[in-house]
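Participant: Any chance you can model this:
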Amino acid sequence: LSQVPAPQLRLVLAVSLDGRLAPAEGGAAQLGGSGDRRVLEESLAWADGCLIGAETLRLHGTTCLIRAPDLLEQRHRAGCPPQPAALVVSRSGQIPGQLPFFQQPIDRWLLAPFSAAPLPGQASGQSQGQAPGFQRHLPLEPWPCLLSRLAAEVLKRLLVLGGARLAASLLREALIDELQLTLCPQVLGGPHSWVPLQEACAGSHWRLQETRPLGGDELMLRYARHGPSCGLS
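Facilitator: Predicted coordinates:
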């Protein structure tokens, strides 16, 4: 695995003008309008897989899907499945089986310790690929090892969809290559920043790649990390 090039990671978020992901009281936020939805789906069409934190999935119940016909056709022409795989990152392995996520037309991967408590309906000690509702189960290893393993599974382009702890863990190790942020015309306040305040993140120099007005007073900004990658080689 040491010779496998690192996947390219793009973090995609809709944030308030004060850098919040959710209202002060917490819960699932629905920031972003139709323009934000379009650029999100464009990134989904670019990706081989999407990293999703378990708590974010529990709050929202589903992951994002490509719905635009032109983007679905784009993936079809490229020989890709209609949707990128959904890779759920969980330290407990406990994902409620009743979530609508398990009815979505996607490949589901669980990235969790094999020593984690078994999922509902799962016997202790079940092996790789046997987590109910998931097609694959890979061990949750340090990020460089795990990303190398994912690249070996032909997941070369990964979208990071949140939450904040997942994003911060990747930023801390300078593993995020691109930031795509939609600024939404709201000021939310509260503690739910897209980078937890206690986190110190590496790779903090970024170069602006694209700006796009999205309508509805929203603005998309896409940055690439400036300087050599601290990822795998």
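
Participant: Spit out the contact partners of Gln83.
Facilitator: Leu44, Leu65, Ile66, Gln104, Pro105, Ile106, Asp107 (C-beta atoms under 8 Å, 6 or more residues apart in numbering). For glycine as for every other residue, the C-beta is placed from the backbone atoms N, C-alpha and C.

Participant: can you put those in JSON lines and add pLDDT?
Facilitator: Formatted as JSON lines, the contacts of Gln83 follow (pLDDT from 0 to 100):
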{"residue": "Leu44", "pLDDT": "97"}
{"residue": "Leu65", "pLDDT": "96"}
{"residue": "Ile66", "pLDDT": "97"}
{"residue": "Gln104", "pLDDT": "96"}
{"residue": "Pro105", "pLDDT": "95"}
{"residue": "Ile106", "pLDDT": "96"}
{"residue": "Asp107", "pLDDT": "96"}
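
Participant: Weed out the non-buried ones from those.
Facilitator: Buried members of the contacts of Gln83, counted by 16 or more other C-beta atoms under 10 Å: Leu44, Ile66, Ile106.

Participant: and those, which of them are in strands?
Facilitator: In strands, defined here by DSSP state E, there are no members of the buried ones among the contacts of Gln83.

Participant: Please render those as TSV that adds distance to Val160 to the earlier fields.
Facilitator: Below are those laid out as TSV (distance: C-beta to C-beta, whole Å):
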residue	distance to Val160
Leu44	12
Ile66	17
Ile106	16
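
Participant: Now, those that are in helices?
Facilitator: Counting by DSSP state H, the part of the buried ones among the contacts of Gln83 found in helices is Leu44.

Participant: how about the contacts of Gln83 in CSV, adding distance to Val195?
Facilitator: Output for the contacts of Gln83, formatted as CSV (distance: C-beta to C-beta, whole Å):
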residue, distance to Val195
Leu44, 23
Leu65, 26
Ile66, 27
Gln104, 28
Pro105, 32
Ile106, 27
Asp107, 29
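
Participant: ok, so of the residues you listed, who is nearest Pro81?
Facilitator: Distance to Pro81 across the contacts of Gln83 (C-beta to C-beta) is lowest for Asp107, with 7.1 Å.

Participant: residues in contact with the closest one?
Facilitator: Asp107 sits next to Pro81, Gln83, Ala85, Ala86, Gln135, Arg136 when contact means C-beta under 8 Å, 6+ apart.

Participant: what pairs with the third one across the strands?
Facilitator: The residues listed as beta-bridge partners of Ala85 by DSSP bridges are Gly49.

Participant: Quick one: the helices in this structure, in order.
Facilitator: With DSSP H as the criterion, the chain has helices spanning 34-46, 54-60, 69-77, 143-152, 164-172.

Participant: hmm, which of the contacts of Asp107 are the buried ones?
Facilitator: Judged by 16+ other C-beta under 10 Å, buried ones among these: Gln83, Ala85, Ala86, Arg136.

Participant: I am finished for the moment; much appreciated.
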